[in-house]
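*Asks:* sharing a sequence plus its predicted fold:
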Amino acid sequence: MKGSILVISGPSGSGKSSLMHEMMKRVEDTYFSISTTTRQKRDGETEGKDYFFISKDEFKQGIEEGNFLEWARVHDNYYGTSLKQILKELNAGKTVIFDIDVQGHKIAQEKFGNIITSVFVTTPSQEVLKDRLVQRGTDSAESIQKRLNNAISEMARVKEYDFLLINDYFDKTLESLVSITYASKHKVSSINTQEFISSWVD
Ligand code: 5GP
């Protein structure tokens, strides 16, 4: 495969989706891996752009049919990465962006280790995360509490990532994410060095 993978994880409300979408406007040859989920669509989300929204039964069937590269249960819902499209994009030399949780990152590492660069995005503190989730206004109090609890356990696994971005000032964090994405394209492990060396020597 000619491409590379950039995994972005972090608590919901850390700003990672906005950062990711802005970064993709600035860096060429990127492809966002659209996950499949059983959770309810939020206001402003679009089917086939943010996620593919399906029922739990359909998701379980997808697992049995081997359609997912990885899948995880997060906040009582299922989330999964479809295998077919990402293999096509990797073969086309794209940088494929995964917005997945810590469990998904671990599985992706096991399957694609050397072509992955990973970034964990979070807020400066738990209070800031709570404020952002409340202000976003898309989650019930119960869902916010689940997301906060999940964030605390995810924070314990930051060490598994290559980079940590503390999203205090959006523009500054975006600049860092753009730099990391460019750098990830030049990792020796994701370049077909043999092909390059042969053509360079001839
Ligand atoms: P949200 O409901 O806020 O969109 O996402 C909740 C969590 O699920 C986030 O941490 C997000 O990164 C994670 N997530 C989204 N898609 C996938 C996926 O395909 N696989 C895994 N493992 N996690 C995902």
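*Replies:* Sure thing, it's come through. Numbering: from 1, shown residues only.

*Asks:* can you give me phi and psi for the residue of the chain found nearest the ligand?
*Replies:* For the chain, the residue closest to the ligand is Gly104, as judged by CB to the nearest ligand atom, at 2.5 Å. Where C-beta positions appear, they are placed from N, C-alpha and C, glycine not excepted. Note on Gly104: its backbone torsions stand at phi -70, psi -40 [degrees, to the nearest 10].

*Asks:* report the contact partners of it.
*Replies:* The contact partners of Gly104, by CB atoms under 8 Å, 6 or more residues apart in numbering, come to Val7, Ser9, Glu70, Trp71, Ala72, Tyr79, Thr81, Phe98.

*Asks:* buried ones among those residues?
*Replies:* Among the contacts of Gly104, those scoring as buried are Val7, Ser9, Glu70, Trp71, Ala72, Tyr79, Thr81, Phe98 (criterion: 16 or more other CB atoms under 10 Å).

*Asks:* please identify the helix or strand for the last one.
*Replies:* Using DSSP states H and E, Phe98 sits within strand 95-99.

*Asks:* give me the contact list for that strand.
*Replies:* With CB under 8 Å, 6+ apart, strand 95-99 has contacts from 3-9, 16-17, 20, 24, 27, 29-33, 35, 81, 86, 89-90, 104-105, 108, 181, 184-185.

*Asks:* same check, this time on stretch 50-70
*Replies:* Against stretch 50-70 from outside (CB under 8 Å, 6+ apart): 34-41, 45, 47, 71, 78, 80-84, 86, 100, 103-104, 107-108, 111.

*Asks:* of the residues you listed, select the buried ones using a PyMOL command.
*Replies:* In PyMOL syntax, the buried subset of those is picked out as below (16+ other CB under 10 Å):
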select buried, resi 34+35+36+37+38+71+78+80+81+82+86+100+103+104+107+108
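
*Asks:* where along the chain do the helices fall?
*Replies:* 16-26, 56-64, 83-91, 102-112, 126-136, 141-155, 170-185, 193-201 (DSSP state H).

*Asks:* now, which of the contacts of Gly104 sits nearest Ser125?
*Replies:* Of all the contacts of Gly104, Ser125 sits closest to Ser9, with 18.2 Å by CB to CB.

*Asks:* so that closest one makes contact with Phe163?
*Replies:* No: counting by CB atoms under 8 Å, Ser9 sits too far from Phe163 to count as a contact (10.8 Å).

*Asks:* what do these two both touch?
*Replies:* Both Ser9 and Phe163 are contacted by Ser118, Val119, Phe120, under the criterion CB under 8 Å, 6+ apart.

*Asks:* need those residues in a markdown table with neighbour count and distance to Ser153, can you?
*Replies:* Shown next, in a markdown table, are the shared contacts of Ser9 and Phe163 (neighbours: other CB atoms under 10 Å; distance: CB to CB, whole Å):
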| residue | neighbour count | distance to Ser153 |
| --- | --- | --- |
| Ser118 | 21 | 17 |
| Val119 | 24 | 19 |
| Phe120 | 25 | 13 |
